[in-house]
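In: Predicted model, plus sequence, below.
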Amino acid sequence: MTEKTVNLPKTIGVWTRPDSARIINSSNIFDYMNGAGELYLAYGFDHLEVYEYTTADQQDGILVEVYVMKTSNDAFGLLSMDWGGEPVAIQSLPSFQANPTVAPPTRALYGGGLLRIWSDTIYARVMAYRETSESKEAVLSLSRKIAADRKLSAEPELLNIFAQAIHPDWKLRKDRIGYFRSHLVLNSLYYLSHQNILNLDQSTEAATATYENISDAGTSKSVQILFVKYATPKKAQKALSDFHNAYLHEHQKWVDPGVTEKHTNFFNIEDGWLGYTLNRAYLGLVFECPNRESAQMMINHISRNTGNKENDRGK
Amino acid sequence: MENNPKRLTRRDFIRGTVGATLAVSVLGVPWAKVSEAVGPSSIVTVVRDKNVMDAGFKVDSKILKNMLDQTVLQLTGKAKIQEAWAELIKPDDIVGLVPTPHLNPTHPELVDAVKNSLMNEVGISEKNIIMAQGGKRKPMRCTALICMPALKGHWLTGIGTVIKNYIMYSGRPSRYHAEKSAKLGEIWLIPEVKGKTQLVLVDAIHPLCDKGPQPDPRYKWAYNGLLAGTDPVAVETVCLRILNQKRYALRGEPWPISPPPICVAAADKAYGLGTSKMEKIKILHFGWEEDLLLG
């Protein structure tokens, strides 16, 4: 029996919930939400607690879904799928948050009656079926209850690969940062292939972000960085080899699994220059660069920072 | 992996080689064989009324009934409602209504309106109108189907409206995710379903332009429309145009549906269910014109 994770009031405003939550786990998540369950299983999903607040006339209820994830990073990843909405403060931020975060600093986003929250290992959705000033107040109040006394975890360390700018011209789009472990989520953020050509799984951590270069004339150009940390250098090598076979099959492959743990390469393909760099368990890729120089610059940035990560591991 | 079949990738969409890659990887049927054989233009009607849904999302059944009437009149070119329905459904048909229950469900008011029209305009008895969403057995005894999804994106298949609406008839819905979503069209050809769909009627009253996987009210908007046709691929193609244009309008920058909805072109070019070429689709619009999203 799963113990309830949050302590929500029985009644809030005109809304009342049943005595107990409906508990959903990986064996019945598809019964609850059909194919949408794939999203949560693509992260480290533990269980889901569902509370439905209704009014006496059964109209316009509030649905509370508390997704209990295995790690804080997994809960962050779910929020990172969409940074849109109005930032809402539901917890006071600790001192480390005084330092700038890579991703948007908010932990709760509201829009149209729906509040999405990342709070430690919890990702929650609190949704009023009809948005009114009363329902918004109730949604915010329930969200504060969900986050109350919960640890304020830091964003995933993997995101540190993303500088605010690479060269003064290329600026990070904070609203286009995503953290994930599955190619299904990657495809939702940046489509590469319907198949899992990077061998992503629960043992991997991956992040993607867009960098934008806006010219003096006002035209913008975007490139996409993808950064993956595999469980072992061997898995990273295999992933790069498989990616090359699927995505760059007509190009010479200079990486031989098992032979080298460091490798960098560049290719001019249909949508611009693609670069990749492998450093032990870390694989960085950049897509849609306007020229080789910009791809080189992005990859150099990733390589330097990956080297720092390796050095940190060695300390 | 080098000896494995080709993978469908981003590059295929840029190079225009999606069909060739899918044909050798998952479809097992030739691509682009049937599309060219499609004859006259497919008609898709778009009927809208600004007042069909109020600010509290309550649907006005009377206005909706008028929209439904206008839809069948426009689609069939008939002058009278009874004649129009007679073009689509016979009095002795056993009609299966196939609404969508998940993510952005079909409004029950629309299901009721269709049911009432079938009884009152066609003369079908209530017992011969079946709620046919579900497993393979549901359409088996039906002689006619009305596909009634609501307009929405889908996080695994890109769009989750017309072609995907029969996924439960496969008995194995999980087999049609990711790359294999290209095969969704084959479900329309199983014996229990093939040739039975007399009308595709899309509830575009309150569509969802993002993929989900769960509803996010920020991406729902009052389009207040019904889309209809007898060519499921043409209707889906128009749906896709509306979703893409709404997404662009929301963000003010390109925001393509991701993953790309490969089921639409495949339904045309591999399964011959209809046309996915906009130039072969004749859109008949009636009613409210603001933010039509069909430019």
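Out: On my side now, so go ahead. Numbers count the residues shown, from 1 in each chain, chains lettered A, B, ... in the order given.

In: gap between the nearest residue to A:Gly35 once chain neighbours are set aside and B:Pro213?
Out: Among residues not flanking A:Gly35 along the chain, B:Leu156 sits closest, at 5.7 Å (C-beta to C-beta, 6 or more residues apart in numbering or on different chains). (C-beta placed from N, C-alpha, C; glycine too.) With distances taken as C-beta to C-beta, to the nearest Å, B:Leu156 is found 8 Å from B:Pro213.

In: what stretches of chain A score poorly on pLDDT?
Out: Filtered on pLDDT under 70, chain A yields the residue ranges A:1-3, A:92-99, A:254-261, A:307-315.

In: ok, which stretches of it are helices?
Out: Taking DSSP state H to define them, one finds helices in chain A at A:29-33, A:37-41, A:72-80, A:133-147, A:183-189, A:233-247, A:292-314.

In: Correct me if wrong, but B:Ala182 is in a strand.
Out: No. Looking at B:Ala182 with DSSP: H, G, I helix; E, B strand; the rest coil, it is helix, so not inside a strand.

In: thinking again about what came up before, could you point out which of the helices of chain A sits nearest B:Asp49?
Out: For B:Asp49, the closest of the helices of chain A is helix A:133-147, at 27.2 Å, according to C-beta to C-beta.

In: okay, now residue 195: neighbour count?
Out: Just so you know, I chose chain A. Other residues lying near A:Gln195 total 20 when counted by other C-beta atoms under 10 Å in any protein chain shown.

In: Wait, chain B was what I had in mind.
Out: 11.

In: Quickly note the distance from it to chain A.
Out: According to C-beta to the nearest C-beta, to the nearest Å, B:Gly195 stands 27 Å off from chain A.

In: tell me the pLDDT at the residue nearest to B:Pro105 when sequence neighbours are not counted?
Out: Nearest residue to B:Pro105, sequence neighbours excluded (C-beta to C-beta, 6+ apart): B:Ala150, at 6.3 Å. With respect to pLDDT, B:Ala150 scores 97.

In: related to what we said a few turns ago, mean neighbour count added to the helices of chain A, as JSON lines?
Out: Shown next, in JSON lines, are those (neighbours: other C-beta atoms under 10 Å in any protein chain shown):
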{"stretch": "helix A:29-33", "mean neighbour count": "16"}
{"stretch": "helix A:37-41", "mean neighbour count": "20"}
{"stretch": "helix A:72-80", "mean neighbour count": "25"}
{"stretch": "helix A:133-147", "mean neighbour count": "18"}
{"stretch": "helix A:183-189", "mean neighbour count": "23"}
{"stretch": "helix A:233-247", "mean neighbour count": "20"}
{"stretch": "helix A:292-314", "mean neighbour count": "16"}
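
In: Give me the distance between the two termini of stretch B:90-104.
Out: Chord length of stretch B:90-104, first to last residue, is 30 Å (C-alpha to C-alpha, to the nearest Å).

In: related to what we said a few turns ago, relative to A:Lys10, which of the helices of chain A is closest?
Out: So among the helices of chain A, helix A:133-147 is nearest, using C-beta to C-beta, at 11.6 Å.

In: Output that closest one in PDB, but only the C-alpha positions, please.
Out: The C-alpha trace of helix A:133-147 is given here as PDB (Å, rounded to 0.1, in the frame of the first residue of the first chain):
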ATOM      1  CA  SER A 133     -10.800  33.900  -9.800                       C
ATOM      2  CA  GLU A 134     -12.000  31.500  -7.100                       C
ATOM      3  CA  SER A 135     -10.800  28.400  -8.800                       C
ATOM      4  CA  LYS A 136      -7.400  30.100  -9.400                       C
ATOM      5  CA  GLU A 137      -7.100  30.900  -5.800                       C
ATOM      6  CA  ALA A 138      -8.000  27.300  -4.900                       C
ATOM      7  CA  VAL A 139      -5.500  25.900  -7.400                       C
ATOM      8  CA  LEU A 140      -2.700  28.100  -6.000                       C
ATOM      9  CA  SER A 141      -3.600  27.200  -2.400                       C
ATOM     10  CA  LEU A 142      -3.600  23.400  -3.200                       C
ATOM     11  CA  SER A 143      -0.200  23.900  -4.900                       C
ATOM     12  CA  ARG A 144       1.300  25.500  -1.900                       C
ATOM     13  CA  LYS A 145       0.100  22.600   0.200                       C
ATOM     14  CA  ILE A 146       1.700  20.200  -2.200                       C
ATOM     15  CA  ALA A 147       5.000  21.900  -2.000                       C
END
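
In: and that helix, does that touch chain B?
Out: No. Shown here: helix A:133-147 not in contact with chain B (C-beta under 8 Å from any C-beta of the partner chain), separated by at least 11.2 Å.

In: since we're on B:Lys65, how many residues are nearby?
Out: For B:Lys65, the neighbour count with other C-beta under 10 Å is 17.

In: excluding its backbone neighbours, what's nearest it?
Out: For B:Lys65, ignoring the flanking residues on the chain, the nearest one in space by C-beta to C-beta, 6+ apart is B:Ala113 at 5.1 Å.
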